[in-house]
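>>> one predicted model, sequence on top.
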Amino acid sequence: MTHDLVLELRPLLTAEASAEAHAAGTEPGDLEQAVWLRLLELLDAQGPPPDPERWLRSAVRSEVRRSRRTTRLERPYDDEPVDESGRDPEHLALRAARYRALRDAARRLPGRCPRLVEALLSPRDLTYREIAGELGISQGSLGPERSRCLGCLRRLLAPEVAAHTARG
């Protein structure tokens, strides 16, 4: 029965979608697909509509209205491509300043924390085993030590970070 309904409605839907799609600024195939999906949802929930042709015309117009609303609300991207590399001088200077502030704060940490944070920031990308060996501590105590040091670093940097951003 569903198959017969689809075969019966296909030519009508193709004609309706072709007639309405271009005025709505959409592709006829997209419009057809949206209406087929609505029909499948309806068949699953209620069964076939009492007047399939009338339902189909109504569904096409409803999808056209939805498409127009969506198109009206969409905003195009800027014409200029976005530089995501962060290689412009301003971004490089800001990144360098943040890195210096982080290193300066790390040097003010208590105990073994300065050496631990330096090892974590190392460009050599050390493993926990290598960091523990460098610091002369067990690998098992490295995690809690790291958490404690990062907490201290967070508290140390909080006033500096809060001063640079607007609140509220």
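Here it is on my side, so go on.
>>> what lies in contact with stretch 107-115?
The contact list for stretch 107-115 (Cβ atoms under 8 Å, 6 or more residues apart in numbering) reads 106, 117, 134-135, 137, 145, 148-149, 152-153, 156. For the C-beta atoms, the positions are set from N, CA and C on the backbone; glycine is no exception.
>>> go on, stretch 48-58?
Against stretch 48-58 from outside (Cβ under 8 Å, 6+ apart): 1-2, 5, 8-9, 12-13, 16, 35, 39, 42.
>>> pLDDT-wise, what's the bottom of those?
Within these, pLDDT reaches its minimum at residue 1, with 61.
>>> quick one: low-confidence parts of this protein?
1, 77-86, 160-168 (pLDDT under 70).
>>> so which residues of it form strands?
Counting by DSSP state E, the chain has no strands at all.
>>> remind me, longest helix of it?
Determined from DSSP state H, the single longest helix within the chain is helix 139-164.
>>> that one - contacts with which helices or strands?
helix 89-107, helix 113-121, helix 128-135 (3 or more Cβ pairs under 8 Å, 6 or more residues apart in numbering; DSSP states H and E).
>>> with just CA atoms, put the first one into CSV.
Right, helix 89-107. This file holds the C-alpha atoms of helix 89-107, laid out as CSV (Å, rounded to 0.1, in the frame of the first residue of the first chain):
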residue,chain,number,x,y,z
PRO,A,89,52.2,39.8,13.9
GLU,A,90,49.5,40.7,16.4
HIS,A,91,48.6,37.1,17.2
LEU,A,92,52.3,36.1,17.4
ALA,A,93,53.0,39.0,19.8
LEU,A,94,50.0,38.1,22.0
ARG,A,95,50.9,34.4,22.1
ALA,A,96,54.5,35.3,23.0
ALA,A,97,53.3,37.6,25.8
ARG,A,98,51.0,34.9,27.2
TYR,A,99,53.8,32.3,27.1
ARG,A,100,56.2,34.7,28.9
ALA,A,101,53.6,35.4,31.6
LEU,A,102,53.1,31.7,32.1
ARG,A,103,56.8,31.0,32.4
ASP,A,104,57.3,33.9,34.8
ALA,A,105,54.4,32.7,37.0
ALA,A,106,55.8,29.1,36.9
ARG,A,107,59.2,30.3,38.2
